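Undergrad: model the following, please.
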Amino acid sequence: METLRVPVTLDFNDTATAFRTKSDKDLNKAYWLFKMVSSSALIKVGTPITNFSLKIGVPIQGIIKNTIYKQFCGGESIEDCTRSIRELGEGNVTTILDYSVEGEETETSFEHTCEEIVRTVAFAKKDQHISFCVFKPTGLGRFDLFAKRDAKQVLTDLEKIEYTRVLERCDRICKACHEAGIPVLIDGEHSWIQETIDDIAREMMEKYNTKKPIVYNTYQLYRHDKLASLKADFAYAQVRNFHLGAKLVRGAYMEIERERAKSEGYPSPIQPDKASSDHDYNEGIRFCLDHIDQIGLMAGTHNEESSRLLADEMFRRDIPTNHPNIWFAQLLGMSDNLSFNLAAAGYNVAKYMPYGPVKSVMPYLFRRAQENTSVGGQTSRELGLIMAEKERRKKAKKA
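TA: Purely as a prediction, here's the structure:
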């Protein structure tokens, strides 16, 4: 078996590069925050208590804003994110502006969300450090409407009109991105609404990806059918003569998916084990690289092995580190050892930067906290890196 050549400049344990923008105070805050997030019991109990406190008006927003919100969010408005965007840019890491308001289900809120995302496109056009925009389909339409269409149930006349409005909002965002030359990511969601989202994504890609990847769909490879979906969508793109945009992630709803499959009595869409997810994710990377002139690849991952695999494969295939169709992506406040070290080695890197009013972004933050506790080793890895950097700085001061 051929041994892959490893780029010598890529060191994911280089904490000096990873935390170059963090003060000692920032590191201490991050340390205690990840300590808290590492406790699944605390997250399980704390989530409903915090939700209830916010609902009845207990003044805890200030505490939230200065802890978990500050770690994982850029600000309450686009303008508030400017400082964080600039700090990332100083380390050659770009930003994905992500309006992360979730759980609102009115036509007024859907319209507002659409308008806000179009604002991010206009903002991105003026700032070279913003590389992508993004939208969550259920931010533009009712979850139950997606679910009804996915289940192949007949929509009422009013629901057909409602769904048309959803399509119009998606098109408005994708058209704005196409005209601005800013690519847009369509977030993945639960399996029982994903088919409808995939239909929308293919329609938008066929319309706007004729010359280069602008619209990207998300492939959650913790599902056992998504590697096949990626390959099928590429075959369709070849026939219809457009570029495929593919954001590869492992997935965000594993426990919910398994619980629903069990309660509803259908086979779980989730892979049988982590090794299977890892295998399909890495195969997805290789498949995209096999066709990189026709596929835009965003590897959204906090997994060091997959990140190194992509870097190694690019090196082995003699693909430039800054190839415009290849991006690495991580969440703001996490895996800085990947983001900043990849960027320092010349790769294209972007950070998801959620923003929005504190209260409205809390569902997103709770979901991220729950994901962290369910991903084995993620929080302990973050803690270990922070501790290593604190020790490095301590020794440097003594020297």
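
Undergrad: just give the nearest non-adjacent residue to L167, would you?
TA: Setting aside the residues directly before and after it, L167 is nearest to I200 in space (Cβ to Cβ, 6 or more residues apart in numbering), at 6.7 Å. C-beta here means a position set from N, CA and C on the backbone, and glycine is covered the same way.

Undergrad: and the gap between the one you found and T138?
TA: Here I200 is placed at a distance of 12 Å from T138 (Cβ to Cβ, to the nearest Å).

Undergrad: next: E257.
TA: E257 is 16 Å from T138, where distance means Cβ to Cβ.

Undergrad: of the two, who's got more company?
TA: T138 (24 against 20; other Cβ atoms under 10 Å).

Undergrad: distance of that one from A246?
TA: 21 Å.

Undergrad: cool, H112 as well?
TA: Relative to A246, H112 is positioned 29 Å away (Cβ to Cβ).

Undergrad: cool, and A176?
TA: As judged by Cβ to Cβ, A176 and A246 stand 21 Å apart.

Undergrad: the two: which is more packed in?
TA: Neighbour count, other Cβ under 10 Å: between A176 and A246, A246 has more, with 28 against 21.

Undergrad: identify the bridge partners of the more buried one.
TA: Judged by DSSP bridges, the bridge partners of A246 are N217, L297.

Undergrad: list the contacts of it.
TA: Y216, N217, Y219, L230, D233, G284, C288, I295, G296, L297, M298 (Cβ atoms under 8 Å, 6 or more residues apart in numbering).

Undergrad: just the buried residues of those residues.
TA: Buried members of the contacts of A246, counted by 16 or more other Cβ atoms under 10 Å: Y216, N217, Y219, L230, D233, G284, C288, I295, G296, L297, M298.

Undergrad: for G91, which non-adjacent residue is closest in space?
TA: Among residues not flanking G91 along the chain, F340 sits closest, at 4.9 Å (Cβ to Cβ, 6+ apart).

Undergrad: go over the secondary structure and confirm the one you found is in a helix.
TA: Yes: under DSSP: H, G, I helix; E, B strand; the rest coil, F340 sits within a helix.

Undergrad: could you report the pLDDT at it?
TA: For F340, the pLDDT comes out at 97.

Undergrad: E87 is in contact with that one, correct?
TA: No: applying Cβ atoms under 8 Å, one finds F340 not in contact with E87, separated by 10.8 Å.

Undergrad: out of the helices and strands in this protein, which is least certain?
TA: One helix or strand of the chain scores below all others by mean pLDDT, DSSP states H and E: helix 40-56, with a mean of 48.

Undergrad: whichever helix in the chain runs longest: what's the following helix or strand?
TA: If you go by DSSP state H, the chain has its longest helix at helix 157-180. Where DSSP states H and E defines the elements, the next helix or strand beyond helix 157-180 is strand 184-186.

Undergrad: helices of the stretch 151-300 of the chain, residue ranges please.
TA: Counting by DSSP state H, counting those that start in this stretch, the stretch 151-300 of the chain has these helices, from start to end: 157-180, 191-208, 226-240, 254-264, 274-290.
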